[in-house]
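Chemist: Give the three-dimensional model of this entry:
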Amino acid sequence: MIDLSGKILIEIRDDAGVSAWLGADATRVRVQEAKPATETDEGDVRESGSFVRFIVISPLSTPRDRRVPIQRPTYAINVFGLSPKDAMAGYVEVSDALHRGGVRMVGSGASRVGIWNSWDDSGATPEADPDTGQPFVTLVASFIATDQSVAS
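Modeler: Next up, the predicted model:
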């Protein structure tokens, strides 16, 4: 099986609408967890009044078909914004980047995978992070993809 997390990260990060929404923080798309603070970087998670936009992609399930080499993974994509309205605006951009994405080949070499399609299955609403209070929206994205490398 091939994990699509990194490929999804690239598709979201490289989308023009998502990049415009993220602005100067266009690289703030993560897999599984927000970037922690270090001595030289404040990280993604901040206190109220200093929130930054960022996106976290987490796999929910990755079932494979029993008879054909395909997988139907589902991901939770949390879109953190500066306000509930801003988080919804980011959600719309991420949804537009993935929903009915069509057939595409992503990756290279031994991790090249074919994606038949992807969908936003959520129709999300804003929430607040229980620890920081930062607004976010969770998008549930479903994919149909190969579960093994595909030759070009």
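Chemist: quick check: longest strand of the chain.
Modeler: strand 135-146 (DSSP state E).
Chemist: Tell me which strands that strand pairs with, and in which orientation.
Modeler: strand 70-71 (antiparallel), strand 74-80 (antiparallel), strand 113-120 (antiparallel), strand 127-128 (antiparallel) (DSSP bridges).
Chemist: Could you list the residues in contact with the first one?
Modeler: Counting by C-beta atoms under 8 Å, 6 or more residues apart in numbering, the neighbours of strand 70-71 from elsewhere in the structure are M1, I2, T62, P63, R64, D65, W116, F143, I144, A145, T146, D147. In this view, the C-beta of every residue, glycine as well, is placed from N, C-alpha and C.
Chemist: Just the closest of these to V18, please.
Modeler: F143 (17.2 Å; C-beta to C-beta).
Chemist: Which residue comes closest to that closest one once chain neighbours are left out?
Modeler: Leaving aside its chain neighbours, F143 sits nearest to S118 (4.7 Å; criterion: C-beta to C-beta, 6 or more residues apart in numbering).
Chemist: what does R46 give?
Modeler: Per C-beta to C-beta, 6+ apart, closest to R46 is V52, 6.1 Å.
Chemist: Now do the contacts for that neighbour.
Modeler: Taking C-beta under 8 Å, 6+ apart as the test, what V52 contacts is D25, R28, D44, R46, F80, L82.
Chemist: Now a ChimeraX select for only the buried ones of those.
Modeler: Filtering those down to the buried ones (16 or more other C-beta atoms under 10 Å) takes a single ChimeraX command:
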select :28,44,46,80
